[in-house]
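Asks: Return atomic coordinates for the entry below.
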Amino acid sequence: MNQLYYGDNLDVLRESIATESVDLIYLDPPFNSKRDYNLLFKSPKGQASEAQIEAFEDTWHWNEQAEREFDELLHQANTDVSQMMKALRDFLGQNDMMAYLTMMANRLLEIHRVLKPTGSVYLHCDPTASHYLKVVLDGVFGKERFLNEIVWKRTSAHSSAKRYGPVHDILFYYSKSETRTWNQQYASYASEYLETTFNNRDADGRQWKSTDLTGDGVRRGESGKPWREIDVTTKNRHWAVPHDAIPGMDLSNQDVITRLDTLDESGYIHWPTKKSGVPRLKQYADEMPGLAMQSVWTDIPPIGAQSAERMGYPTQKPLALLERIIQASSNEGDVVLDPFCGCGTAVDAVQKLKRKWIGIDITHLAISLIEKRLKDRYGAKCKFEVHGTPKDIEAARDLARRDKYQFRWWAVSLVEAQPFQGKKKGADTGIDGVKYFHDADKEGARKIIVSVKGGGHVGPTMVKDLIATIARDGAEIGLFVTLSEPTKAMTAEAAAAGFYESATGKKYPRLQILTIEGLLSGRERAEHPDQLPDLNFKKAKAEQSSKQEELL
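Replies: Have a look, this model is predicted:
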């Protein structure tokens, strides 16, 4: 089954991914790695955006963790990598770039381990660190395994003072061995190319170009015989007719002279006006697959502001980009890994193209968003297991002890709310999440605020504080999500807050105490009027077909 992991990808790779078990790896690691997730959330009309989340801390500083990972590099089996990383440290010193390359080197070594001998890796980066990453990749995979530096034009123009506008990203393409999965990809012909190359037309308007039907040198076998009284050996040539000269017809069981007859009978021979001329093969533009893909990709635009696939993630890549990579370097049923899966574009593309996938991300926020994206896109057809997110109360307590912010974001996701402010500096507002709903016959969106408590002690004062926050913030309902069981005094205080009465006449508790254990088991849920359409998350467009769409 498909697998989605929460955690540090280095730990997940080492502990959970088997050696030589993956067919293709795509990774888009951050460098300036603070990621702003607030655009992934919707704010109903008239409501200010409140989900200012720094969900991915900037990991890349030279600190104790970087020193520890650098020491691991010096003592692992690949001595080329050890020597290379020592040389880079001598050159760069102990700074953010060196910390980043150290982190990446350890992960790339694990990526090399889990990749099958027939597998490939695509590393997506920008010019900030691409030149250094190329050196690291050469050390890990061997410089002879380098296949391409692909330039993807990610935007049409970029204003930049006193330098050329930076408009491209880099993808490094490596294989693990000489034998690799490869399915040639094609780009559609540009109109100018069609007019200049396929510059002949039949009476019905079909465009074609003529190509040679002969090869260099004289041969004495079938390919050296005259055809239609034309002897090409006098020109030091021989007949050279490919078996696939007629698209969809295999001519490999025919000798060369018979092939020529078949071509002529089928209208694929162009006869020159001069008697001395040699006939040529007609190749029709509408029967050609297109231009074989080159290493500069200008045909896949970035995601537009109004695009249906736009999730709002700042570094989100187009599905078409990932589809091209997946189609080229894997087959249906293969396993594809994205160890920095972010908002899940790679796993989305893999699911669409009927491969199996493994995704890893270091934030619970990303994991919950990917879960929602896949459910919106594929519904029950997309089956996957989620690892690393709490499944029981003990795991929830463990997460709360280890990382209070990740615990809060995870707990907020249990009630399908947006996280609020995250690690934003300043006074604690008492709000950890925000949720909106529609009420029948009432204008505008109504607000619910969420307060999460992961500590060991909770009491009625906290409930009173949330009641005050509801009034101050103009909310209709408050959700008090707690890891501990509420006391009788808390339950009484919540009941005293009264009810929100819907336009339908139904009443909902204004303050609802929900336990983590109850939410996990399904015994408890937030109560409020239905929210249709969804006011809280951008909804991914449902996938109608598994067939790849045209890239142009």
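
Asks: Adjacent strands (with direction) for the top strand by length along the chain?
Replies: Looking across the chain with DSSP state E, the single longest strand is strand 115-125. If you go by DSSP bridges, strand 115-125 pairs up with strand 22-27 (parallel), strand 168-175 (antiparallel).

Asks: Find the one among those strands with the highest mean neighbour count.
Replies: strand 22-27 (a mean of 25; mean count of other CB atoms under 10 Å). The way it works is simple: take the backbone N, C-alpha and C, and place the C-beta from them, glycine included.

Asks: Count the residues that sit near residue 101.
Replies: A count of nearby residues for residue 101, using other CB atoms under 10 Å, gives 25.

Asks: and if you look at the one 5 residues further on?
Replies: For residue 106, the neighbour count with other CB under 10 Å is 22.

Asks: still on that earlier bit, what's the distance between the longest strand of the chain and the middle of its chain?
Replies: Relative to the chain's own centre, strand 115-125 is displaced by 15 Å; criterion: CA atoms, centre = their mean, to the nearest Å.

Asks: Enumerate the positions of that strand that are buried.
Replies: 115, 116, 118, 119, 120, 121, 122, 123, 124, 125 (16 or more other CB atoms under 10 Å).

Asks: CA-only coordinates of that strand in PDB, if you can.
Replies: Output of strand 115-125 as PDB, limited to C-alpha atoms (Å, rounded to 0.1, in the frame of the first residue of the first chain):
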ATOM      1  CA  LEU A 115      17.100   2.900  -5.000                       C
ATOM      2  CA  LYS A 116      16.900  -0.200  -7.200                       C
ATOM      3  CA  PRO A 117      19.800  -0.900  -9.600                       C
ATOM      4  CA  THR A 118      17.400   0.100 -12.500                       C
ATOM      5  CA  GLY A 119      16.300   3.200 -10.600                       C
ATOM      6  CA  SER A 120      16.800   7.000 -11.200                       C
ATOM      7  CA  VAL A 121      16.800  10.100  -9.100                       C
ATOM      8  CA  TYR A 122      15.800  13.700 -10.000                       C
ATOM      9  CA  LEU A 123      16.900  16.400  -7.600                       C
ATOM     10  CA  HIS A 124      15.100  19.700  -8.100                       C
ATOM     11  CA  CYS A 125      16.900  22.900  -7.000                       C
END
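
Asks: What mean pLDDT does stretch 509-517 get?
Replies: Average pLDDT, stretch 509-517: 97.

Asks: Next: stretch 236-255.
Replies: Per-residue scores along stretch 236-255 average to 92.

Asks: for it, which positions count as buried?
Replies: Within stretch 236-255, judged by 16+ other CB under 10 Å, the buried ones are 237, 238, 239, 240, 241, 245, 246, 251.

Asks: how far does stretch 156-168 stretch from start to finish?
Replies: 9 Å (CA to CA, to the nearest Å).

Asks: which outside residues touch that stretch?
Replies: 126, 127, 151, 152, 153, 154, 155, 301 (CB atoms under 8 Å, 6 or more residues apart in numbering).

Asks: May I see the PyMOL selection of the buried members of those?
Replies: A single PyMOL command selects the buried members of those (16+ other CB under 10 Å):
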select buried, resi 151+152+154
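
Asks: from the buried residues of stretch 236-255, which two are the most distant?
Replies: 237 and 246 (21.8 Å; CB to CB).

Asks: picking that back up, residue 475 is nearest to which of the strands paired with strand 115-125?
Replies: strand 22-27 (40.8 Å).

Asks: Relative to residue 449, how far out is residue 17?
Replies: Look at residue 17 and residue 449: by CB to CB, to the nearest Å, they are 40 Å apart.

Asks: Let me fix that, I meant to ask about residue 191.
Replies: 56 Å.

Asks: of the two, who's got more company?
Replies: residue 449 (26 against 8).

Asks: How about the more buried one, nearest residue that isn't a chain neighbour?
Replies: Distances taken as CB to CB, 6 or more residues apart in numbering put residue 475 closest to residue 449, at 4.6 Å, once the chain neighbours are dropped.

Asks: Who are the contact partners of that neighbour?
Replies: So residue 475 contacts 447, 448, 449, 469 (CB under 8 Å, 6+ apart).
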